[in-house]
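Chemist: Below are the sequence and a predicted model for it; my questions follow.
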2 protein chains.
Amino acid sequence: MKFVIQRDQLIKSVQDVMKAISSRTVIPILTGMKIEAKQHGITLTGSDSDISIESHIPAEEDGKVNVEQIEEGTIVLQAKYFPDIIRKLPEKTVEIESDENLKITIRSGKAEFNLNGQDAEEYPQLPMLQTDESFEIPTDLLKSLIKQTVFAISTMETRPILTGVNIKLADNKLSFTATDSHRLASREIPVKEANIEFQSIVVPGKSLNELNKILDDTEETVEISVTSNQILFRTKHLNFLSRLLDGNYPETSRLIPEQSKTTLHVKTKELLSTIDRASLLAKEERNNVVRLATKDDSNVEITSNSPEVGTVAEDVTIQSMEGEELKISFSSKYMIDALKAIEYDDVKVDFTGAMRPFIIRPAEDDSILQLILPVRTY
Amino acid sequence: MKFVIQRDQLIKSVQDVMKAISSRTVIPILTGMKIEAKQHGITLTGSDSDISIESHIPAEEDGKVNVEQIEEGTIVLQAKYFPDIIRKLPEKTVEIESDENLKITIRSGKAEFNLNGQDAEEYPQLPMLQTDESFEIPTDLLKSLIKQTVFAISTMETRPILTGVNIKLADNKLSFTATDSHRLASREIPVKEANIEFQSIVVPGKSLNELNKILDDTEETVEISVTSNQILFRTKHLNFLSRLLDGNYPETSRLIPEQSKTTLHVKTKELLSTIDRASLLAKEERNNVVRLATKDDSNVEITSNSPEVGTVAEDVTIQSMEGEELKISFSSKYMIDALKAIEYDDVKVDFTGAMRPFIIRPAEDDSILQLILPVRTY
């Protein structure tokens, strides 16, 4: 195998593929990166058997030559030092060559690395997705679906199913839902011409976080295919394959209260920064609790206190309030996460009493829903 | 005590003073920050009893008003949350007030924090330096003296004296020296009208690192005073006081070889980046060893290998070489530190054999000296 490649292109691909490579894996060869050279271009592969990432660098694209002097072949090299080596090479181009003894030579300018490779035959066959059924959504939309929900997954292994995001596609509606049983985040979007439907698959939160890091914020589409145990996200040069979590995701719809007893309309930023300030003292007592109390039609008071440190109080101007007066306590962290996930200037908060879960939604968009369970503080 | 202060000014001062405040201190009140309000301005004080920092904010400066509505007084508040509180306040100005019950109120816009203060009477009297003898050097010069030497101190407590930087002032020459007994870094500069002399005081490396962080890169001068057990760095608005280390600093001059058997002239950046690349594989075997071998009058070869990973080799173009051929091994980390500390484009490296310490100096400046002990690898 041999080729000469543009270093910048290689760096980007290597960074993406590294996201799937773990130094702590039960299958030693998976600490390596598979490099495959074909006349049409180079393909890098990394996997930790939960996530597998393939990044393709076409030999030529839009008239620009990325790879030259290609001699086809495949090799696996130790991934640990590869990104640093490539990043620190002196020239704009890199020559990578492997011989029959699995020796890999990396040349750039006067620098020459000779690395021990491994036989690509020993690299596990990645499960290839057997389905043509797929649907497409814009990349930037997929990224916000992830960002607006994945933070709410459970980090505790006690209920593994909650460490994933629940994804449904039915009636041309795509929905993402995540909950750690103390709060819930969900969003639903319309999807055109989806030739598939699936009820309730669960994608590991870790997979979605890595995917979000790799995807650029473009309007180009991502093609998504699903089988019984895997999901594949495909862009122009990237294949991102993740296993699905086994088990039944809890029915979350019944958690969401129908009616509301107190409704506030408020500027997202104002509420966020006030709760952020109040949370400074809340930190002292682990639980991060702040209190919200309605004062009049145009003000709610946010307070928090720590016997150790002191107290904080601040009024937030609200645009309107309907319904009963209310005093409620909740985790400032959950509230901050929820408000940050809402990409609108105005939010609507619906309470149904101090002990019932409450809902935060953009004032003009019901498709995004953030739910938080209050905390009993007295 | 009461005053209204420009938030930006306060943030800057608080950040500086925090550098001296540790949450792990034997004297509980030292986890706090002392705030003193006088008509001429506000003074913040922090100390961990090794380092003490006083930052002064004048009520008015260059026609600009920093502090208003001053009611004189002093209070100590818990430092832990103070920086975040100030940073996150909504308005440009902050009102800080304390009452006779040691309650502190911080107001900005609609936000109000009530914090528990402590009696300033209980705050230890900072050792005030009893000396008028002092000398001055430009701040940016002091910063490079620190940066070019402090990295070479020992991090091991086995020889505490080596955890400091040895400073001498004699015959109008100021010198900084640091060594961990494997490498040595030193620089000497001329000082005009110093009305003091001192032989060999030792300032903790930690103190100098913190000082370097606080000082801006200006040409304004720093006034330095020294007593038997303390050193004071004074700028316009800052007093930085550090204790000195007890004990005798080893005589280092004899470590420095007089004659040289092999001399290389090379571009600092080229040598640095080549050794940086070679060190990538050297990391695998803890010791970080790379090898340098002279090839001809215009090339030296840098190599490194790790049985696990592989080998790396690269020629560096040198401008000239005098003397014997040479093969030598050394810590890439020490070499990288030394070359980074040299602020010149061209360096001169003087070797006196593979087993003797070698010296790196700027080609045109003998006042900076970096010495490294080689490693025996065969």
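Modeler: That came through fine. Numbering: from 1, shown residues only, chains lettered A, B, ... in the order given.
Chemist: When you work out contacts or count neighbours from here on, use the C-alpha atoms and nothing else.
Modeler: Fine.
Chemist: Just say helix, strand or coil for the one residue sitting closest to the centre of chain A.
Modeler: When CA atoms, centre = their mean is applied to chain A, the residue found nearest the centroid is residue A:209 (2.6 Å). Here residue A:209 is helix, with the state taken from DSSP: H, G, I helix; E, B strand; the rest coil.
Chemist: And residue A:293, by the same measure?
Modeler: strand.
Chemist: Could I get the contacting residues of the nearest residue to it once chain neighbours are set aside?
Modeler: Closest residue to residue A:293 apart from its sequence neighbours, by CA to CA, 6 or more residues apart in numbering or on different chains: residue A:327 at 4.3 Å. Counting by CA atoms under 8 Å, 6 or more residues apart in numbering or on different chains, residue A:327 touches A:291, A:292, A:293, A:294, A:354.
Chemist: my read: the residue nearest to the centre of chain A touches residue A:150, true?
Modeler: Yes. Counting by CA atoms under 8 Å, residue A:150 is a contact partner of residue A:209 at 7.5 Å.
Chemist: coming back round to it: would you mind measuring from the residue nearest to the centre of chain A to residue B:25?
Modeler: Residue A:209 sits 40 Å away from residue B:25, going by CA to CA, to the nearest Å.
Chemist: now do residue A:297
Modeler: 48 Å.
Chemist: same deal with residue A:173?
Modeler: Remark: distance between residue A:173 and residue B:25 (CA to CA) = 58 Å.
Chemist: any chance you could map the helices in the stretch 51-200 of chain A?
Modeler: Using DSSP state H, counting those that start in this stretch, the helices of the stretch 51-200 of chain A run over residues A:82-88, A:139-147.
Chemist: domain ranges for chain A?
Modeler: A:2-122, A:134-253, A:257-372 (automatic domain parsing).
Chemist: would TSV of those domains with mean pLDDT be doable?
Modeler: Listed next are the domains of chain A as TSV, based on pLDDT from 0 to 100:
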stretch	mean pLDDT
domain A:2-122	96
domain A:134-253	93
domain A:257-372	93
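Chemist: Dump those domains into a markdown table; add distance to residue B:347 as well.
Modeler: Output for those, formatted as a markdown table (distance: least, CA to CA, whole Å):
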| stretch | distance to residue B:347 |
| --- | --- |
| domain A:2-122 | 20 |
| domain A:134-253 | 42 |
| domain A:257-372 | 51 |
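Chemist: Just the buried positions in stretch A:359-374, please.
Modeler: By 16 or more other CA atoms under 10 Å in any protein chain shown, the buried positions in stretch A:359-374 come out as A:359, A:360, A:361, A:362, A:363, A:368, A:369, A:370, A:371, A:372, A:373, A:374.
Chemist: Looks like the second one contacts residue A:350 (just checking).
Modeler: Read that as residue A:360. Yes. At 6.6 Å, residue A:360 counts as touching residue A:350 under the criterion of CA under 8 Å.
Chemist: residues from chain A in reach of chain B?
Modeler: Chain A comes close to chain B at residues A:78, A:81, A:84-85, A:88-89, A:110-116, A:273-274, A:277, A:280-281, A:308-315, as judged by CA under 8 Å from any CA of the partner chain.
Chemist: Just the buried ones among those residues, please.
Modeler: A:78, A:85, A:89, A:111-116, A:273-274, A:277, A:280-281, A:309-315.
Chemist: Return the set of residues that bridge with the spatially closest residue to residue A:114 that is not a sequence neighbour.
Modeler: Spatially, and ignoring its direct neighbours in sequence, residue A:114 is nearest to residue A:105 (4.6 Å; CA to CA, 6+ apart). Note on residue A:105: beta-bridge partners by DSSP bridges are residue A:97, residue A:114.
Chemist: Which helix in chain A has the most residues?
Modeler: helix A:268-282 (DSSP state H).
Chemist: for it, packing partners?
Modeler: Using 3 or more CA pairs under 8 Å, 6 or more residues apart in numbering or on different chains; DSSP states H and E, the elements in contact with helix A:268-282 are strand A:289-296, strand A:299-306, strand A:310-317, helix A:332-341, helix B:82-88.
Chemist: Give me the contacts around the shortest one.
Modeler: Contact partners of helix B:82-88, identified using CA under 8 Å, 6+ apart, comprise A:273, A:277, A:280, B:7, B:10, B:11, B:14, B:15, B:94.
Chemist: go on, the first one?
Modeler: Contact with strand A:289-296 is made by A:275, A:278-279, A:282, A:300-305, A:325-332, A:375, as judged by CA under 8 Å, 6+ apart.
Chemist: Each with direction, which strands does it pair with?
Modeler: Partner strands and pairing direction for strand A:289-296 (DSSP bridges) are strand A:299-306 (antiparallel), strand A:327-331 (antiparallel).
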